[in-house]
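Peer 1: Predicted structure and sequence below. I'll ask about it afterward.
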Amino acid sequence: MAYNTNQDILLSEVKNNTGEALTPGSTVHIDDVLLHTGPFFAVTALTDTVVDVSECTTGITENNAGTMQAVATNFTIPKGVTIYGNFTSIELDSGSVLAYAKLGVTVTAASS
């Protein structure tokens, strides 16, 4: 009879929740200014990259005079940095990234 200790259960949950972060289901190279729809759980900048927040849904919020709102200012992801989140879509102003999606996600890009 198998016996699961709290440690066994915890390790199993860690494995279940981080497995795709280590081996994502889909990795997409984005180096254009088109809207790419995921969702994505992480983005790694291959060059200094500017994200156009007015054209995509990053899920990133900021505090504006005590009120939380969607980030309103384009931001730069420095080369080599990975950010994690729930990015419904991504559009760049400049740069190049790898965007990571879970297994089974069909990534689409808007036509130019």
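Peer 2: Right, received. Where do you want to start?

Peer 1: Run through the residues that contact the most centrally placed residue in the chain.
Peer 2: In the chain, the centroid-proximal residue (Cα atoms, centre = their mean) is Ala42; its distance is 2.9 Å. Ala42 is in contact with 21, 24, 82-85, 99-100, counting by Cβ atoms under 8 Å, 6 or more residues apart in numbering. Glycine gets a C-beta too; all of them are placed from N, C-alpha and C.

Peer 1: same thing with Ser54?
Peer 2: Residues near Ser54 by Cβ under 8 Å, 6+ apart: Asn74.

Peer 1: Correct me if wrong, but it is in a strand.
Peer 2: No - going by DSSP: H, G, I helix; E, B strand; the rest coil, the assignment for Ser54 is helix, not a strand.

Peer 1: where does it land on pLDDT?
Peer 2: On the pLDDT scale, Ser54 is placed at 90.

Peer 1: for Val97, same thing?
Peer 2: 98.

Peer 1: how about the strands in the chain?
Peer 2: 26-30, 36-45, 49-51, 61-64, 67-70, 75-77, 82-90, 92-94, 97-101, 108-109 (DSSP state E).

Peer 1: how far does the longest one sit from the chain's center?
Peer 2: In terms of Cα atoms, centre = their mean, to the nearest Å, the centre of strand 36-45 is found 4 Å from the chain centre.

Peer 1: one step back: and the residue nearest to the centre of the chain, what's its pLDDT?
Peer 2: The model's pLDDT for Ala42 equals 92.

Peer 1: Report the separation between it and Asp93.
Peer 2: According to Cβ to Cβ, to the nearest Å, Ala42 stands 20 Å off from Asp93.

Peer 1: before we move on, back to that, quick one: the strands of the chain as TSV, columns for distance to Leu10 too.
Peer 2: Formatted as TSV, the strands of the chain follow (distance: least, Cβ to Cβ, whole Å):
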stretch	distance to Leu10
strand 26-30	28
strand 36-45	21
strand 49-51	35
strand 61-64	30
strand 67-70	31
strand 75-77	32
strand 82-90	21
strand 92-94	38
strand 97-101	24
strand 108-109	37
